[in-house]
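Asker: coordinates only, no sequence provided:
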């Protein structure tokens, strides 16, 4: 940074008196209002495209709102209708099912992978980049490639299973099959990312804890479960909440797995809540009903983030009381 | 007695020597570690490799047993078919996505740095409460506001136009918070004060003192934002039309119209992945350290 070392008297001599006053006032205003000016773009955008839509979703959900601009207030009727809507509950079950079979193995695998990455390794950067590679694949590409791999007749997964004596599975047609297929897409994409986050957490654990444990004769496995996992609890809570928020909004993968059909298959076997919201709003033009689905989705995310938090706080605590 | 003392001393020395060797061994990677990691990398890379192999073949590949594991010679043909396809508007989609992702990445970095600097280094009334609002907005799922956001776009006559996928995302709470965290530890207060004493205006301080110091975090934020926007799907699918899509939307169009034409779709997926892949190869280290540093702070 250049520092001006000339005597300060030079400036006032050059500037007339009232100009100096104006500049001083300008400097005072700069000091006072600049901070607000600098943070305002975020708030303006958030008000216009974040907060307003959010509140408005609730208003829309209290209406029968079929063509834009034409609506009728019906109170909570959209919500009571949702309570007895089989298609909605089907979507909730699908979303939760895929969420569980995607998230649980993903976080466990990520934990084990991070434990391996935490050793002293040759080619450290190469391994880290290797596990992160799936994240940089375009999301539609992941869905398209995996849908092909899971093909009934020519897919490579059925071909491999064939060697183990498993008959052709029609992954798309049945509920469990499509849940598993879609969950693997999510797992494949996010496991490496989560393992890097766990790795960062592991590196913050003081190493002498492990040394002390090793002297006391604790095996590596014991060290992992008694030291690493309990010490990582905040990181595990963080990743599981992030995964909950992302997982319950699942949309792209199941949509492309069903070749773009918003119903998630002929029996709606893999339609998620996000797809059901989209189907109502943009295919059936029932904006009011779709907005009610959106609020239920929000509620679902809140509840499950909380459940997650409580469960992990309870179980990742190790053996200590 | 003397004998016993010497023996016990020898035992202690031996014990501590073992402990030192043990602490080095504690972090050593066993062959099993390498096997696990190599297996993980093969699993990570294989779908990408398969994507490339199919994109270079003809559709005869689909029924082949065993499947082909080596690239063929038809990449050019398949690429031509993707770009000439009348339903996918693939070239337009690539340009749209490149513009949207780049504009959003640049503007997010600029506005997030500006706000992050203000939150970290400037004193003003209501600072903490306003920062809390920023953090709270990070918790709100995007899809919540999808329907009314669409109504806003209808009102503005922006549906089907590129600005609909750009303007709402010009700056994010995540970006502001990230830059605020970085600025508060990377920029000494004395530096800002010194520039102030020299008579620099607040914007001048931001532009010539703060922004250069924020560069490491700014580049990570730009990369993340670019990647995220390139992969954005649900909102473009809702607000844009099939004749003016983004790249993920275009792939979805191919997928629903030509779900048996694998070489066509896979050629498209290869092209859609290449920009992200280049970013990753060039900036991989920064992305990894960005993820890991962000995690520790969170």
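Answerer: Here it is on my side, so go on. None of these values were measured; they are calculated from a predicted model.
Asker: low-confidence stretches in chain A?
Answerer: The model of chain A has pLDDT under 70 over residues A:1-20, A:67-69, A:316-321.
Asker: just give me the residue right at the centre of it.
Answerer: residue A:246 (2.7 Å; C-alpha atoms, centre = their mean).
Asker: so which strand or helix has it?
Answerer: According to DSSP states H and E, residue A:246 maps onto helix A:233-247.
Asker: check residue A:114 too.
Answerer: Assigned by DSSP H and E, residue A:114 falls in helix A:86-117.
Asker: go on, residue B:149?
Answerer: helix B:146-156.
Asker: what does residue A:64 give?
Answerer: Using DSSP H and E, residue A:64 falls in strand A:63-67.
Asker: mind listing what's buried along that strand?
Answerer: The neighbour-count check on strand A:63-67 (16 or more other C-beta atoms under 10 Å in any protein chain shown) flags A:63, A:65 as buried. To be clear about C-beta, it is placed using only N, CA and C from the backbone, and glycine gets the same treatment.
Asker: tell me which strands the next helix or strand along the chain from it pairs with, and in which orientation.
Answerer: Proceeding N to C from strand A:63-67, the next assigned helix or strand is strand A:70-73, under DSSP H and E. Looking at strand A:70-73 with DSSP bridges, its partner strands are strand A:63-67 (antiparallel).
Asker: can you give the distance of the strand it pairs with from its chain's centre?
Answerer: How far strand A:63-67 lies from its chain's middle: 31 Å, per C-alpha atoms, centre = their mean, to the nearest Å.
Asker: name the surrounding residues that touch that strand.
Answerer: A:71, A:72, A:73, A:74, A:77, A:78, A:285, A:286, A:287, A:288, A:291 (C-beta atoms under 8 Å, 6 or more residues apart in numbering or on different chains).
Asker: just to revisit the earlier point, got the angle for the strand holding residue A:64 vs helix B:146-156?
Answerer: Between strand A:63-67 and helix B:146-156, the angle comes out at 50 degrees (axes from the mean of the first three to the mean of the last three C-alpha atoms, to 10 degrees).
Asker: for the strand or helix carrying residue B:46, what is the average pLDDT?
Answerer: Per DSSP H and E: residue B:46 is located in helix B:31-55. Averaging pLDDT along helix B:31-55 gives 91.
Asker: next SSE downstream of it?
Answerer: Taking DSSP H and E, what comes next after helix B:31-55 is helix B:75-84.
Asker: flag every buried residue along that following helix.
Answerer: If you call a residue buried by 16+ other C-beta under 10 Å, then helix B:75-84 has these buried ones: B:75, B:78, B:79, B:81, B:82.
Asker: distance from stretch B:224-233 to the middle of the chain?
Answerer: Distance, centroid of stretch B:224-233 to centroid of chain: 7 Å (C-alpha atoms, centre = their mean).
Asker: scratch that, stretch B:76-96 is what I was asking about
Answerer: That offset, for stretch B:76-96, works out to 25 Å (C-alpha atoms, centre = their mean).
Asker: ok, and what's touching it?
Answerer: With C-beta under 8 Å, 6+ apart as the criterion, stretch B:76-96 contacts B:55-56, B:58, B:162, B:242-247, B:249-251, B:253-254, B:257, B:263-264, B:266-268, B:271-272.
Asker: give the rounded mean pLDDT of it.
Answerer: pLDDT averaged over stretch B:76-96 gives 92.
Asker: next: stretch B:263-282.
Answerer: In the prediction, stretch B:263-282 has an average pLDDT of 91.
Asker: list the contacts for the residue nearest to the centre of chain A?
Answerer: Counting by C-beta under 8 Å, 6+ apart, residue A:246 touches residue A:190.
Asker: ok, back up a step: now check the helix holding residue B:149, is it near chain A?
Answerer: Yes. Counting by C-beta under 8 Å from any C-beta of the partner chain, chain A is contacted by helix B:146-156 at B:146, B:147, B:148, B:149, B:150, B:151, B:152, B:154.
Asker: next, count neighbours for the fourth one.
Answerer: Using other C-beta atoms under 10 Å in any protein chain shown, residue B:149 is surrounded by 25 other residues.
Asker: I'd say residue A:169 and residue A:176 touch.
Answerer: No. Residue A:169 lies out of contact with residue A:176 (C-beta atoms under 8 Å); the separation is 9.4 Å.
Asker: skipping its backbone neighbours, what lies nearest residue A:188 in space?
Answerer: Distances taken as C-beta to C-beta, 6 or more residues apart in numbering or on different chains place residue A:134 nearest to residue A:188, at 5.2 Å, with adjacent residues excluded.
Asker: and the strand or helix carrying residue B:287 with helix B:31-55, angle?
Answerer: Element membership for residue B:287 (DSSP H and E) is helix B:262-297. Computed with the same axes, to 10 degrees, the direction of helix B:262-297 lies at 140 degrees from that of helix B:31-55.
Asker: now do helix B:262-297: which elements does it pack against?
Answerer: Judged by 3 or more C-beta pairs under 8 Å, 6 or more residues apart in numbering or on different chains; DSSP states H and E, helix B:262-297 is in contact with helix A:124-132, helix A:139-149, helix A:175-203, helix B:31-55, helix B:75-84, helix B:90-121, helix B:215-230, helix B:247-257.
Asker: please redo it, this time with the cut-off set to 7 Å
Answerer: The contact analysis (3 or more C-beta pairs under 7 Å, 6 or more residues apart in numbering or on different chains; DSSP states H and E) places helix B:262-297 against helix A:124-132, helix A:139-149, helix A:175-203, helix B:31-55, helix B:75-84, helix B:215-230, helix B:247-257.
Asker: redo these as CSV? Include distance to residue B:113.
Answerer: Putting the helices and strands packed on helix B:262-297 into CSV (distance: least, C-beta to C-beta, whole Å) gives the following:
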stretch, distance to residue B:113
helix A:124-132, 25
helix A:139-149, 28
helix A:175-203, 23
helix B:31-55, 33
helix B:75-84, 37
helix B:215-230, 6
helix B:247-257, 28
